[in-house]
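J.: structure for the following, please:
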Amino acid sequence: MQNIRAQAHLTTTALAEDIGFFRKLGLRMDRIFPADNPRMAAFSGHGLRFRLDVSDAPPGAITLLADDPVLIAGGATELRAPGGTRVLIEPLDPPVVQPPTQHEFVVRRLADQAPWVIGRAGMQYRDLVPSRLGGAVIASHIRIPDGGPVPDMVHFHKVGFQLIFCINGWVDVVNEDQGLPIRLTRGDCFIQPPEIRHRVLEASDGIEVIEIGVPAEHVTEIDHDLPLPTLDLRPEREWQGQRFVFNRGESGIFAPFRIPGFVARDTTINANTKGVASVMVARPVAGQEAPWLRHDADILFTFVMAGSMRLEGEGRDPVTLFSGDAFVIPPGLAARHAAASADLELLEVALPGDFATRPA
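T.: Purely as a prediction, here's the structure:
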């Protein structure tokens with residue numbers, strides 16, 4: 001017998017206020033989406049399951065979620081009851097769909113004062129790639145101004161790849177089968193493999209992290225049943241072919257980088273995701289200038305963690321970048337990291353992890 005459950009749909013124009021309201025009524029939140037600017041939340045309790053969608057449309061629909069939705073109504077995905085109620089039939093656990101990347105040259109400067117949006121668990125999000133490259137990736141600058149316990153719950157993400165890199169302060173996170181809570185400090189990072197359960201526990205004042213997620217819009221699901229930390233310590237466990245990685249910045253060894261005139265430390269993420277993504281921290285070599293280069297990565301994102309540089313792109317006006325700025329160089333475009341300050345430090349994330357760089 002397949003697993004089927006029904007879910008009612010309602011609409012709202014004030015999702016953030018509704019979350020607190022329904023919790024006071026004894027209902028629990030099961031899902032929220034997307035994390036950086038929620039527009040859907042699902043609830044259950046008192047024998048009821050429903051979701052709230054931000055919309056001006058009138059309410060009145062239910063969804064049947066099934067392991068095999070084709071078996072419910074002869075393959076139909078939408079029915080309408082005599083009284084007008086819509087019945088939507090959807091997969092219980094839909095696969096993660098990676099949209100094709102819409103390549104573009106992107107520069108996002110902190111000085112441009114992009115808005116900070118309140119997202120999941122009260123965290124503040126700044127979008128570093130507004131176009132999301134057509135939905136292929138989301139890059140968020142996340143901060144929590146006031147430290148202390150974080151009102152988070154055990155949850156997981158249905159993603160293809162997710163990176164958390166700490167750029168300021170510290171944050172304590174507990175992860176499924178990885179032992180006691182881990183404290184991330186500046187320069188540290190970890191990846192959260194697809195569907196690993198985890199929870200943010202506490203953070204310092206002014207904590208800031210960079211979060212990279214693929215695809216851009218993905219479901220965050222709350223697990224009400226699994227307590228963390230788990231009893232087992234299984235560092236070799238894989239989730240959809242990826243291992244959990246915790247990389248300490250202070251222990252990194254710098255070696256020649258793909259960009260001449262720079263050195264970099266490898267976070268080991270490329271090896272532990274079997275080539276899904278590469279995460280490197282790069283610094284300039286004194287007295288050397290980087291040449292013009294092209295790459296063939298699908299996504300190549302860079303965040304300026306410290307110092308300054310001039311980004312030059314083929315057919316683009318040069319732009320001077322400082323700490324807090326970010327950019328994306330599309331495949332095939334000639335570009336150069338010029339005029340690097342001595343204290344320049346870059347976070348580079350590439351998907352896939354193995355790609356080629358050649359002189360322009």
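J.: please enumerate the helices of the protein.
T.: Using DSSP state H, the helices assigned to the chain run over residues 15-24, 269-272.
J.: pLDDT on the first one, on average?
T.: In other words, helix 15-24. On average, the pLDDT along helix 15-24 is 86.
J.: other SSEs contacting it?
T.: The contact analysis (3 or more CB pairs under 8 Å, 6 or more residues apart in numbering; DSSP states H and E) places helix 15-24 against strand 28-33, strand 40-45, strand 48-54. For the C-beta atoms, the positions are set from N, CA and C on the backbone; glycine is no exception.
J.: for Ala340, find the nearest of these.
T.: Proximity to Ala340 (CB to CB) singles out strand 28-33 among these, at 39.3 Å.
J.: contacting residues for Arg132?
T.: Ile138, Ala216, Glu217 (CB atoms under 8 Å, 6 or more residues apart in numbering).
J.: so how far is Ile196 from the second one?
T.: Distance of Ala216 to Ile196, given as CB to CB, to the nearest Å: 20 Å.
J.: repeat for Ala203
T.: 20 Å.
J.: more neighbours, those two?
T.: Using other CB atoms under 10 Å, the more surrounded residue of Ala203 and Ile196 is Ala203, with 27 against 22.
J.: per-residue confidence at the closest residue to the more buried one other than its chain neighbours?
T.: Leaving out its chain neighbours, the residue that sits closest to Ala203 by CB to CB, 6 or more residues apart in numbering is Val171, at 4.3 Å. On pLDDT, Val171 comes in at 96.
J.: and the protein, what are its domain boundaries?
T.: Split into domains by automatic domain parsing, the chain comes to 4-91, 106-249, 251-359.
J.: comparing the ones you listed, which yields the minimum mean pLDDT?
T.: If these are sorted by mean pLDDT, domain 4-91 sits at the bottom with a mean of 85.
J.: end to end on it, go ahead and measure it.
T.: 9 Å (CA to CA, to the nearest Å).
J.: and stretch 242-255, end to end?
T.: 25 Å.
J.: could you dump the helices of the chain to a markdown table with distance to Leu79?
T.: Output for the helices of the chain, formatted as a markdown table (distance: least, CB to CB, whole Å):
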| stretch | distance to Leu79 |
| --- | --- |
| helix 15-24 | 27 |
| helix 269-272 | 45 |
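J.: closest one to Thr357 among the ones you listed?
T.: Using CB to CB, these put helix 269-272 closest to Thr357, at 14.3 Å.
J.: so what touches that closest one?
T.: Residues from elsewhere that reach helix 269-272, judged by CB under 8 Å, 6+ apart: 163, 189, 191, 242-245, 247, 277-279, 353-354.
J.: ok, of the residues you listed, which come out buried?
T.: Buried members of the contacts of helix 269-272, scored by 16 or more other CB atoms under 10 Å, are Leu163, Cys189, Ile191, Gln242, Arg243, Phe244, Val245, Asn247, Ala277, Ser278, Val279, Gly353.
J.: so the closest residue to the first one other than its chain neighbours bridges to which residues?
T.: Using CB to CB, 6+ apart and skipping residues adjacent in sequence, the residue nearest Leu163 is Ile212, 4.3 Å away. According to DSSP bridges, the residues that bridge with Ile212 are Ala139, Leu163.
J.: Ile212: neighbour count?
T.: Ile212 - counted by other CB under 10 Å - has 26 other residues nearby.
J.: so what's it up against?
T.: Applying CB under 8 Å, 6+ apart, we find Ile212 in contact with Val137, Ile138, Ala139, Ser140, Phe161, Gln162, Leu163, Phe165, Ala277, Phe301, Val349.
J.: for it, give its distance to Glu238.
T.: Relative to Glu238, Ile212 is positioned 20 Å away (CB to CB).
J.: count of neighbours near the closest residue to Phe301 other than its chain neighbours?
T.: Distances taken as CB to CB, 6+ apart place Val349 nearest to Phe301, at 4.7 Å, with adjacent residues excluded. Residues within reach of Val349, counting by other CB under 10 Å, total 27.
J.: how about the one 3 residues further on?
T.: Here the neighbour count serves as a burial measure; for Pro352 (other CB under 10 Å) it reads 17.
J.: and for Pro229?
T.: When neighbours are counted by other CB under 10 Å, Pro229 comes out with 15.
J.: that one against Leu180, yeah?
T.: Yes - Pro229 lies in contact with Leu180 (CB atoms under 8 Å); the separation is 5.8 Å.
J.: intersection of neighbour lists for those two?
T.: Val174.
J.: still on that earlier bit, report the two of the contacts of helix 269-272 separated the most.
T.: The span of those, defined through CB to CB, is set by Phe244 and Asp354 at 20.7 Å.
J.: please name the bridge partners of the nearest residue to Arg39 once chain neighbours are set aside.
T.: In space, and not counting its chain neighbours, Arg39 is closest to Val54: 4.2 Å by CB to CB, 6+ apart. Taking DSSP bridges, one obtains Thr12 as the residues bridged to Val54.
J.: quick one: Val54 and Leu15, what's the gap?
T.: 5 Å.
J.: overlap in contacts, these two.
T.: Arg39, Met40.
J.: redo the buried ones among the contacts of helix 269-272 as TSV? Include distance to Val129.
T.: Listed next are the buried ones among the contacts of helix 269-272 as TSV, based on distance: CB to CB, whole Å:
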residue	distance to Val129
Leu163	14
Cys189	18
Ile191	19
Gln242	22
Arg243	26
Phe244	25
Val245	23
Asn247	23
Ala277	15
Ser278	17
Val279	16
Gly353	19
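J.: what count of nearby residues applies to the closest residue to Phe257 other than its chain neighbours?
T.: Excluding the flanking residues, the one nearest Phe257 by CB to CB, 6+ apart is Ala264, at 3.9 Å. By other CB under 10 Å, the residues close to Ala264 number 19.
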